[in-house]
Each structure stands twice: as C-alpha cells, then as structure tokens.
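Participant: Here's my sequence, what's the structure:
(2 chains)
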Amino acid sequence: MVNSLETHLSYARMACGLRWIISLQCFGYAASLAVPSHLNSWLLPLQGDAFAGSVDTTIALILWVAGCALPFLGRASLPASQTKWSCPVVRCDAALLCFVAGWTFFNAVLSWQMNIEDKFAATDPFGHAVRFVAPVVLLVCVTGTGYYPKLEGYLRIGIASTFIGHGLAAYWLKPGFVDLIVGTIDTFLGSDWRLAEEREKIALLLLPWIGRIDFLLACLILLPSKYRKTIALWMGIWGFVTATSRLTAFGIERWPDLIIRAANWGIPLLLWWEMRAKIKSSKHS
Amino acid sequence: MKPTTLHLTLLLSISLLKGISANEKTPWLDEKFVNQKTVGLSKLESSNPAQWRVIWKTDPANKATVSWTTAMVGKNHLVHYDLKSRKGFPKNYTYKKVSDRNGRFSGSGGEHFHHARLAELKPSTTYWFVIESDGLFSPEMHFTTAPVNDRSFSVLFGGDSRSGHFARAQVNLLMAALSEENPEIIAFAHGGDYISSGKNWGQWSRWLSQHELTVAASGKVLPIIPTRGNHDGGPLFDEIFDSPGGKERENYFSTRLSSQVALVTLNTETKAGGAQRTWLGKTLQSLRPEVRWLLAEYHRPAWPAVKRPGAAQEFWVPLFEEFDVDLVVESDGHVIKRTVPIRNEKKDSTGVVYVGEGGLGVSQRKPDLSRWYLRSPGMATRGHHVMNIRFTPEKIDYKVVLLDRSIADQAIFRPRKK
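Facilitator: Numbering: from 1, shown residues only, chains lettered A, B, ... in the order given. Below you'll find the model as predicted:
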C-alpha cells in the first residue's frame, strides 16, 4: 500500500516536473522559429519561401499553444491511473506531446542532414536526445502504462545521450563551443581582441577535458551507484551552466537558447529531486 | 489628333525594336538560351582541361592561381601565358608555369584538381593564357591583375549559389555580360554557399562547370576571391580554391585590391572569437592608415535580414567600428539588403554599412523589414542579383543588379574624414 502510494507520488512528481520542463522547451523552440528553421531551409528550394515560411509559422503557433497548455492539461488529466482516452483533454494532451517529441526529433535530424558535411552537426541527434525523450516519457506517464523505474531509465538514457553528443563535440573542439568560452571570458574579464588568441588557447585546452568529463558523467548516470543522486545534480548544474553560456557569450537576446535546452538541465535536476524525495520518504517510513 | 495607320505602324515597330534590344541585353531571361549555353560547357573527360578558374588571394597585383579540373590524373599540367594574345597557339606564349598542386578531389570518381600559382605578375596588366593537360588545351582566356595605383575599378560581389541551378546559370551569364561591357570590372568575390553539401563532389562539379558561364565571350575571366559558407564544409573547398588563407579550413585572409582598396575575407565557419579575431584586429589596424577603402566579407551575417545574428556581431563588429571599415558584405539570408550605418548597435552616420545576403541562384526569402537597421535609409528586398561595387578616389559606387539588369538598390559611400 505504502509502495503503491509512493509510486503514485513519484509518477505525479515526475509528470508535473516533465510538464514544466517541456513547456519551457516549447517556448524556446517557438521563439527560435522567428527565424527560418532547418525544415524551412530544406523546403525553400522545393516549395518556395511562402510555403516554407507558413510551415514555420504553423509549427511555432502549435509550440506556443503546447507551451501554454501542457501544464494545465496535466492538472486536468492527472492522476494517470484514471486516464480515460475518450476524454478530449487527454487526447489533446497526448497529441501535443507527440507533436513536441516529433518536432524536437525531426529538428535534430534535419540539423544533421542539412549540414551533412559538418561532423559537429552529426552529434545533434544524440545531443538533442533528452529533448525528445522527455515528451515521450511524459506521454507514457499520461497513459499510466509505464513502469516507473523504466521511465526513469529512459530519462537517464536521454540525458546520457545528450552528454555524449555534447561531449563528442567538445572533444572534437567544436568552433561554436570555443566561441562560447571565449565570449564568456570576454563578458567577465572584458573584451580585448589582442587577448582573443590566448583565450582561444585556454578554450582549446579546456574542451577535451570537458568532453571527457561529459563521457564519464554519461556512463555514471547509467550505472547503478549510490552516488547517482550527486551525479544527477552535477549534470543538472553543468547543463544549466553550458546552456546559460549562450547568454553570457552572446547576450540576453539569446534567451531562447537557454530555455530550448530546458530538458538538458531540467531533467537531471528533476531526477535529483525525485531521488532526494525518495530517500527522504524511505527515512521517514 | 487621331492615330493614323502610320502612327500605329511606327508604335508597333518601336515596341518590337525595344523588345528585341531588351532581349539582346538580357538573353539569359530566355530559357532556351540558358540551356544552350549550359549544354555548350567544356566536357570533363580524360585529360581535357575544364572547369577553369582564376583565384585571387592576398596579392592580386602580382600573383594569381590558375586552376582547372581533369577527369583523370594525367601527367603534364601547365599554363602557357603572355602579355599579348597568342590566339591559343601554345608555342607562341612567352611564359609557362607547371601546376604546383595536383590531387584527386575528395569523394570524386577520379577527377583531379590542378593549381598553377603564377607569381611576379605585373600590376594592372592583362595576361592571356591557355591551359594544357597532356597535350589537350583550353581556349585562350585572359584576366587583368589588380592595380597598385589609385585607378578606379569595380569588383562584383555575391553569395549563395547553392541551389536553383537555372537561376545560377542566369546570374553567371549576367556577370559575364557585365564583365565584358565594363573593363573596369576585374574580379568576383563570392560570399560562400556555392553548393548545398560541401562534401558532395557532384554538386561542386556542377558549380565549377557552370562557373565557366562567367567567362565572357572575349575570354575574359573574372578572378574569384572565395569565402567559405556554412554549406561549404569539408576538404573540397580547399581543393577547389587552393586553400585560401593558407591554413586548411581556416580560410581568412586579406586581399590588397589596389594601393587604396583592401578586402578582408573572414570565415564564419570556424572559431570567430579567438585567433581569427586577433588576426582581424591586427590586419585592420595595419590596413586602416594605408587604404582609403577598407572592406570586409564573410558568410553568416552580423546584421541579418532574415536569420538571427552570427558570432560576427559579438566578435567582429566592434573591430569594424573601431577601425572604421567602409563597407561589409554578408551572405546567407537569401535576400538583398543594405543596413543603415551602425555604431554601438544604433543608427549613426559615422557607422558601418552592411550589404549583401546572397542571391546568386538560391531561392529568395522575404526579408524581415521590421528590423531597425533595415529601415530607411537602409533597405531590404528579394531577387537574384549581383552587386557591382566601383572604387574611385572620390567614392564607392554600390549597385545591386537584378537579372533583368534593373537596379534594385544603389548607394554612394564617401571616404571617411581622418
């Protein structure tokens, strides 16, 4: 009985956390569609600007709606054990989650395919993994069909993939990452083009180590360990730091880059929160 | 007065004549003409030299690279050249230069590149040349080296020829016509995104063959100053343009176009904020006191008309403003744009103007006219185009020429007060 209640609470906490994270992510993706998407670049020569632009606008609109609606649809459709598929709210919830998962996955694949000559773009389907895994997991939560440890496992696989993707790009010295480090140093220490070459050298020194640590964290979050909670917290903080570096390097106008990556840092923090809650409740009981 | 039959006949004749002359001036608007020209391109077979190009890098007054492709490896690859036309008879040319760099194009079916680096050329001088590979010859062509004095000249600028192969052929034919009519046009600076996938040899091969359409009927070749775009990743760019900038994949360099004009080509596809920024600072610092007209070109825009700003805005724009760059040419957005003069992220009459965004064949987009830097006296529109930029001691004369030869935009820039 206690276990069943605990599982139910875990479900509820996870679903609630996922909803807010995915909602944030939707706002980020929607805001980023103010400029042409990878899909737009693909459609442009085939269908022309008007059609490609209207596809972007439609997707942005759906994502804005999803971002606003998902937290409230959650309230209406919980608890998962009582989910009724005939209910329009549940259907709407599921449809929006499918769309978000589909778009984030498709976007990652297109980012790679539209820049097929770029080895860094090839890491995108891995680097973006947690962004499309999160809505799928929530969808399973909504249906109430998932076995909780399995769902947590899927999230951990998603996080690990994201860290492997980013770790590979860092290890290969992705130019964009060098610019993030140099730009961030500029913000805190002052911009000086005379020192830029030296700052690049620092970035080139740091990145392989960042890559190695990312690989290590990816492995550790997958393996059973008593430190998993700490690792999840570390990944959450590091994910937030790296997402925020878009703003520290290029300015506040890059805010969509931070929240588009809400899952990168939000999901590890959610897992940490959940593990913490479990430990607390087991101590009480 | 009522129109008589004579009046009507005259009107009809005039309109017919107008139609004919318009067609003569813009034959590339006729699909048949373009297809005919495309079919007539040099065949890439055996050792036949094809896909000719002349490349300018740092010192175009004294150096130029003549490059071409053969379908097989071959043995003897050289350029015969002279200060006079020798009607294509190889033995009559005074100079010859054996190819300095040969190799198989990455991912190709055996096609090879050849680069003959001509040096010790005379400034402002027309060189006539034929290319030889294993006893097979190209037609005679010619190009003119950059001046070292302060004479007026023009350079064509443009970017994004990656898709829309028919429109690309049309713009190439327009460039050939402009170059033929105007001896002042001496080069063509391509702002990047030549093709859609930088590792795809088939796409590059098509681009290279179509580049032949920029050669005028008289054999005048426009040396190309290449910029790397986001679709031009991979080793082929360096194999095709003989590694401009020296270091493989780095591809940033400055070109001294005359005693008073310098063009700095940057690479947005590599690290922008580090070594490249220091190099840019040093280069602008040394060039600014020496030249009247200082320009920069790169692919991803700092002040885009469609997309969001690239790293150039954070790392390079402060340098353009510090060293008072006169004009910056950007690509990538698939529109036509000219910003207001910008300094400290505001409209400022002492600021830097950014033009371009790419229309050498790629499908055009609708620009976002709500962006503050595109409002009057800035502008943005769409259309396949090439920019003709003329440098004189008094002014830079900037014109955007559309396929029908109409002018989509023009502006004059005066020298900055010292």
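Participant: any idea how far the residue in the stretch 151-285 of chain A that chain B sits nearest to is from residue B:241?
Facilitator: Nearest residue of the stretch 151-285 of chain A to chain B: residue A:200, at 2.4 Å (C-beta to the nearest C-beta). C-beta: built from backbone N, CA, C; applies to glycine. Separation of residue A:200 from residue B:241 (C-beta to C-beta, to the nearest Å) stands at 25 Å.
Participant: Disregarding residues adjacent in the polypeptide, which is nearest to the residue of the stretch 151-285 of chain A closest to chain B?
Facilitator: Nearest residue to residue A:200, sequence neighbours excluded (C-beta to C-beta, 6 or more residues apart in numbering or on different chains): residue B:274, at 2.4 Å.
Participant: Repeat that for residue B:366.
Facilitator: Spatial nearest neighbour of residue B:366, excluding adjacent residues (C-beta to C-beta, 6+ apart): residue A:49 at 5.5 Å.
Participant: tally of neighbours for that neighbour?
Facilitator: 19 (other C-beta atoms under 10 Å in any protein chain shown).
Participant: what's the answer for residue B:231, then?
Facilitator: When neighbours are defined as other C-beta under 10 Å, residue B:231 has 28 of them.
Participant: returning to that earlier point: so what's the residue nearest to residue B:366 up against?
Facilitator: Contacts for residue A:49 (C-beta atoms under 8 Å, 6 or more residues apart in numbering or on different chains) come out as B:363, B:364, B:365, B:366, B:382.
Participant: Can you tell me which of these is nearest residue A:173?
Facilitator: Using C-beta to C-beta, residue B:365 comes nearest to residue A:173 of the contacts of residue A:49, at 32.3 Å.
Participant: Residue 174: what's it in contact with?
Facilitator: I went with chain A, as the question did not name one. Counting by C-beta under 8 Å, 6+ apart, residue A:174 touches A:120, A:207.
Participant: nope, chain B
Facilitator: Contact analysis of residue B:174 by C-beta under 8 Å, 6+ apart lists B:26, B:28, B:386, B:401, B:403, B:405.
Participant: and the strand or helix carrying the fourth one, what does it pack onto?
Facilitator: Under DSSP states H and E, the secondary-structure element containing residue B:401 is strand B:396-402. Taking 3 or more C-beta pairs under 8 Å, 6 or more residues apart in numbering or on different chains; DSSP states H and E as contact, the helices and strands that strand B:396-402 lies on are strand B:385-391, strand B:407-413.
Participant: distance between that strand and the chain's centre?
Facilitator: Distance, stretch centre to chain centre, for strand B:396-402: 14 Å (C-alpha atoms, centre = their mean, to the nearest Å).
Participant: again, but for stretch B:383-394
Facilitator: Relative to its chain's centre, stretch B:383-394 lies at 11 Å (C-alpha atoms, centre = their mean).
Participant: name the element residue B:360 belongs to?
Facilitator: Judged by DSSP H and E, residue B:360 forms part of no helix or strand.
Participant: about what we covered before: pull up the pairing partners for the strand holding residue B:401, direction included.
Facilitator: Looking at strand B:396-402 with DSSP bridges, its partner strands are strand B:385-391 (antiparallel), strand B:407-413 (antiparallel).
Participant: contacting residues around that strand?
Facilitator: Residues from elsewhere that reach strand B:396-402, judged by C-beta under 8 Å, 6+ apart: B:174, B:178, B:293, B:326-327, B:336, B:338, B:355, B:383-390, B:407-413.
Participant: interface residues of chain A facing chain B?
Facilitator: Within chain A, the positions near chain B by C-beta under 8 Å from any C-beta of the partner chain are A:34-36, A:44-45, A:48-50, A:53, A:115-118, A:175-176, A:178-179, A:182-183, A:186, A:191, A:193-197, A:199-201, A:203, A:249-251.
Participant: Just to be sure, residue B:324 is in a helix?
Facilitator: No. Per DSSP: H, G, I helix; E, B strand; the rest coil, residue B:324 lies outside any helix segment and is coil.
Participant: Was I right to think it contacts residue B:288?
Facilitator: Yes. Counting by C-beta atoms under 8 Å, residue B:324 touches residue B:288, with 6.7 Å between them.
Participant: Could you name every residue contacting both of the two?
Facilitator: Contacts common to residue B:324 and residue B:288, judged by C-beta under 8 Å, 6+ apart, are residue B:294.
Participant: what's the domain layout of chain B?
Facilitator: Using automatic domain parsing, the domains assigned to chain B come out as B:50-144, B:153-413.
Participant: what stretches of chain A score poorly on pLDDT?
Facilitator: Scanning chain A for pLDDT under 70 picks out A:1-7, A:75-85, A:144-146, A:285.
Participant: Do you have the helices of it handy? List them.
Facilitator: Counting by DSSP state H, chain A has helices at residues A:2-32, A:38-47, A:49-77, A:88-113, A:124-127, A:129-143, A:148-171, A:175-189, A:196-222, A:228-250, A:255-260, A:262-284.
Participant: need those helices in a markdown table with distance to residue B:46, can you?
Facilitator: What follows is those, written out as a markdown table (distance: least, C-beta to C-beta, whole Å):
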| stretch | distance to residue B:46 |
| --- | --- |
| helix A:2-32 | 50 |
| helix A:38-47 | 33 |
| helix A:49-77 | 42 |
| helix A:88-113 | 35 |
| helix A:124-127 | 42 |
| helix A:129-143 | 49 |
| helix A:148-171 | 43 |
| helix A:175-189 | 40 |
| helix A:196-222 | 46 |
| helix A:228-250 | 52 |
| helix A:255-260 | 52 |
| helix A:262-284 | 54 |
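Participant: Can you tell me the number of residues neighbouring residue B:241?
Facilitator: Look at residue B:241: counted by other C-beta under 10 Å, it has 26 neighbours.
Participant: quick one, what contacts the closest residue to chain A within chain B?
Facilitator: Of all residues in chain B, residue B:274 sits closest to chain A, at 2.4 Å by C-beta to the nearest C-beta. Contact analysis of residue B:274 by C-beta under 8 Å, 6+ apart lists A:178, A:179, A:182, A:196, A:197, A:199, A:200, A:201, A:203.
Participant: which residues sit in contact with the last one?
Facilitator: Think residue A:203. Contacts of residue A:203 (C-beta under 8 Å, 6+ apart): A:177, A:178, A:181, A:182, A:185, B:274.
Participant: most neighbours, which of those residues?
Facilitator: Within the contacts of residue A:203, residue A:182 tops the neighbour count with 30 neighbours, counted by other C-beta under 10 Å.
Participant: Show me which residues of the stretch 51-200 of chain B sit near chain A.
Facilitator: Checking the stretch 51-200 of chain B against chain A by C-beta under 8 Å from any C-beta, the hits are B:163, B:164, B:197, B:198, B:199, B:200.
Participant: and those, which of them are in strands?
Facilitator: Members of these lying in strands (criterion: DSSP state E): none.
Participant: just the helices in chain B please.
Facilitator: Secondary structure of chain B by DSSP H: the helices cover B:5-25, B:31-39, B:165-181, B:201-211, B:236-241, B:275-287, B:311-315, B:317-322.
Participant: Please point out which parts of the fifth one sit buried.
Facilitator: Going by neighbour count (16 or more other C-beta atoms under 10 Å in any protein chain shown), the buried part of helix B:236-241 is B:236, B:237, B:238, B:239, B:240, B:241.
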